[in-house]
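Colleague: no sequence on this one, just coordinates:
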């Protein structure tokens, strides 16, 4: 969305509050509910979505007054950020607003735990991404491969970054893509496996872009993968550990998360596919000796995943049941037991060539 | 160190074992002790160092046999890695060696917790860095600024990486530096503050290289900062939160850590200085309202730091005592309460200009 549009939406919120005050009514805001009752899995789109239920926040309701005031402060600060074309971390926003009322010694916010949920209220209410309000979360993740990214006037040839790669920032809205010669995007869970594939020149030999999430993906990383798929039409394939945690990281990148269901449409990549590790790999590649026993916490997590609607696909139910039956999990790096090169020269190219991918 | 030299040192270890076997003696290894009794703070060099005490590991001692075998397996694999010019993560090494003895169903390693300490034994014994044995830990950290880094044949102009920056890999031994026009290196604890300074173009306006550690610095990041200082003579200044955790991150980057005392000389940067946040900043910059109360865990950590020999400098004792007395800590991002630009336009340039730095 353009900056003008964002400012317009914030202004609309402010104007409606002003109008209510002029009419001697209690100012109100209507905020989409984000509890589980209002989160739905849209099977056709393969996305977690927020439903239509809303809550009302009213200034003259004493239980709402403080939150109302805080939400207005945040909206005002975001308008200022967008107007000035500045971004702030959610922690900076908290510090900027902590004493926002002049001539009062009262804290407007006692703790960041008060401002964070209101930021989500605001982005939901305004139907924007946090990043479009010029707020940012922590960054994490690395990219390397055959693409030129234009970032703030610099043209970065990501195929010429040695073994280091580009650090993915928390906001990637300003990225422009050029000279995209890659055939697909490979998303990799662990930094160590990313390093392995870089060392084997996988991205060169297989003409792809590689993205490392380093565990659960940060928002900037999810948004970038979404854009590579949505804006450029590049297929995206995920490569994670064969355990409930790796599978969940995949599901969040693909379908979105419950906490950010209102942003799935802009952070998720429903067309994403999954290459491994699967439970079938253990027998196919003779990896029994490098598996690990499931711990109780793994077993509990498997049961949870089996209850999520977005894991109700026969392929995934099969994998999760197989994991329970075997009582085993398998890591990406266990492939090193064959040889260091095996993952790059045989496992990935063969499975991708034969389209042995999960949905 | 050159690859040849590393291989020579591993060969010497192997040859001495072979010789003992030929002489019908029990093969032995002599390993520098790494317990606290053998760790000393070298005040003149401002470095944590390992003393001269050694332990002997003997194959014919039943309590040592398995570890002896495992250490030899690791040494052999490292030799192979260096010879083939390949690197491996310490997890890959574990998987590669888990079943290294042919015709045996016995695991040579049951768990990575068995191989990790033996890797440290080996690097200590051979007086090498882990990275020189072609082993790597996880990577973390970002660099941006006026330097060209040659990485595997690519020349990366780190002043032309937009707002993204270079992802610092786990191994930086192969980096070559060119066109170093920066005046100094600014090391920043949090990713969010790094982003702030990038947004304010601090590195351009102040002609420096900025490195974000994102919390406790990874080895690759420490080694890179060491090299920027040691190889290029660039002064290094650290900017962390004003709490015992930030101060400890600084001390590890400067003087080394107890766990890796044998590598302080190659990972530490004793010439490093500290710009903030200091406890004096709270009054100087009128930040009382954006401090936070110390928690019990903070207080405990302050007492620990006050006992470490490398914090026995009057400036640091003063800061830590002041922190206890005030019962407060202060974050880097609290400077946002003045204005978003304050840190980049006033706080840092003024303190650095006036050399208001701690040792």
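Modeller: Sure thing, it's come through. Everything numeric here is computed off the predicted structure, so don't read it as measured data.

Colleague: count the residues that sit near the nearest residue to residue A:294 once chain neighbours are set aside.
Modeller: Of all residues not flanking residue A:294 in the chain, residue A:327 sits nearest, at 5.1 Å (C-beta to C-beta, 6 or more residues apart in numbering or on different chains). From N, CA and C alone the C-beta is placed, and that goes for glycine too. Using other C-beta atoms under 10 Å in any protein chain shown, residue A:327 has 12 neighbouring residues.

Colleague: and if you look at residue A:184?
Modeller: Counted by other C-beta under 10 Å, the residues lying close to residue A:184 total 17.

Colleague: then the one 4 residues further on?
Modeller: When counting by other C-beta under 10 Å, one arrives at 26 neighbours for residue A:188.

Colleague: same question, residue A:42
Modeller: Residue A:42: 16 neighbours (other C-beta under 10 Å).

Colleague: and the helices in chain A?
Modeller: Using DSSP state H, the helices of chain A run over residues A:3-22, A:65-84, A:90-97, A:112-125, A:191-199, A:202-205, A:219-230, A:244-255, A:264-267, A:279-284, A:296-307, A:314-326, A:342, A:348-353.

Colleague: quick one on the thing from earlier: and the residue nearest to residue A:294, how far from chain B?
Modeller: 17 Å (C-beta to the nearest C-beta, to the nearest Å).

Colleague: equivalent analysis for residue A:172, please.
Modeller: Relative to chain B, and taking C-beta to the nearest C-beta, residue A:172 is found at 9 Å.

Colleague: kindly report the same for residue A:352.
Modeller: On the measure of C-beta to the nearest C-beta, residue A:352 and chain B end up 21 Å apart.

Colleague: try residue A:267
Modeller: Taking C-beta to the nearest C-beta, one finds residue A:267 at 19 Å from chain B.

Colleague: quick revisit: tell me which of the helices of chain A sits nearest to residue B:222.
Modeller: Nearest of the helices of chain A to residue B:222, taken as C-beta to C-beta: helix A:191-199 at 16.4 Å.

Colleague: and the angle from that closest one to helix B:90-97?
Modeller: 80 degrees (axes from the mean of the first three to the mean of the last three C-alpha atoms, to 10 degrees).

Colleague: quick check: residues of the stretch 101-250 of chain A near chain B?
Modeller: A:107, A:136, A:138-140, A:142, A:149-156, A:160-171, A:174, A:191-192, A:195-196, A:199 (C-beta under 8 Å from any C-beta of the partner chain).

Colleague: rerun that using 7 Å as the cut-off
Modeller: When proximity is defined as C-beta under 7 Å from any C-beta of the partner chain, the stretch 101-250 of chain A approaches chain B at A:136, A:138-139, A:142, A:151-152, A:154, A:156, A:160-170, A:191-192, A:195-196, A:199.

Colleague: narrow those to those in strands?
Modeller: When DSSP state E is applied, those are split such that A:136, A:142, A:151, A:154, A:156, A:166, A:167 fall in strands.

Colleague: OK, contacts around the first one?
Modeller: If you count contacts by C-beta atoms under 7 Å, 6 or more residues apart in numbering or on different chains, residue A:136 has them with A:87, A:89, A:170, A:171, B:195.

Colleague: excluding covalently adjacent residues, which one is nearest to it?
Modeller: residue A:170 (3.9 Å).

Colleague: go on, residue A:133?
Modeller: Distances taken as C-beta to C-beta, 6+ apart place residue A:78 nearest to residue A:133, at 4.3 Å, with adjacent residues excluded.

Colleague: swap in residue A:166?
Modeller: Nearest non-adjacent residue to residue A:166 (C-beta to C-beta, 6+ apart): residue A:143, at 4.7 Å.

Colleague: quick one on the thing from earlier: selection in ChimeraX covering whichever of the residues of the stretch 101-250 of chain A next to chain B are buried, please.
Modeller: ChimeraX command restricting those to the buried ones, with burial defined by 16 or more other C-beta atoms under 10 Å in any protein chain shown:
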select /A:136,138,139,142,151,156,160,161,162,163,164,165,166,167,168,169,170,191,192,195,196,199
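
Colleague: wait, doesn't residue A:173 sit right on residue A:131?
Modeller: Yes - using C-beta atoms under 7 Å, residue A:173 makes contact with residue A:131 at a distance of 5.3 Å.

Colleague: what residues of stretch A:289-309 count as buried?
Modeller: Across stretch A:289-309, burial judged by 16+ other C-beta under 10 Å covers A:290, A:291, A:294, A:298, A:301, A:302, A:305.

Colleague: distance of residue A:70 from residue B:160?
Modeller: Going from residue A:70 to residue B:160 by C-beta to C-beta, to the nearest Å gives 41 Å.

Colleague: contact partners for the residue nearest to residue A:166?
Modeller: Contacts of residue A:143 (C-beta under 7 Å, 6+ apart): A:158, A:165, A:166, A:168, A:209, A:211.

Colleague: in the sheet, who's paired with it?
Modeller: residue A:166, residue A:211 (DSSP bridges).

Colleague: what's the pLDDT at it?
Modeller: pLDDT for residue A:143: 98.

Colleague: and it, how far from residue A:161?
Modeller: 9 Å.

Colleague: can you point out the buried residues in stretch A:202-210?
Modeller: Quick answer for stretch A:202-210 (16+ other C-beta under 10 Å): A:202, A:203, A:206, A:208, A:209, A:210.

Colleague: wait, what's in contact with the closest residue to the fifth one other than its chain neighbours?
Modeller: Translated: residue A:209. Leaving aside its sequence neighbours, residue A:209 sits nearest to residue A:145 (C-beta to C-beta, 6+ apart; 3.3 Å). By C-beta under 7 Å, 6+ apart, the contact list for residue A:145 reads A:158, A:159, A:182, A:203, A:208, A:209, A:210.
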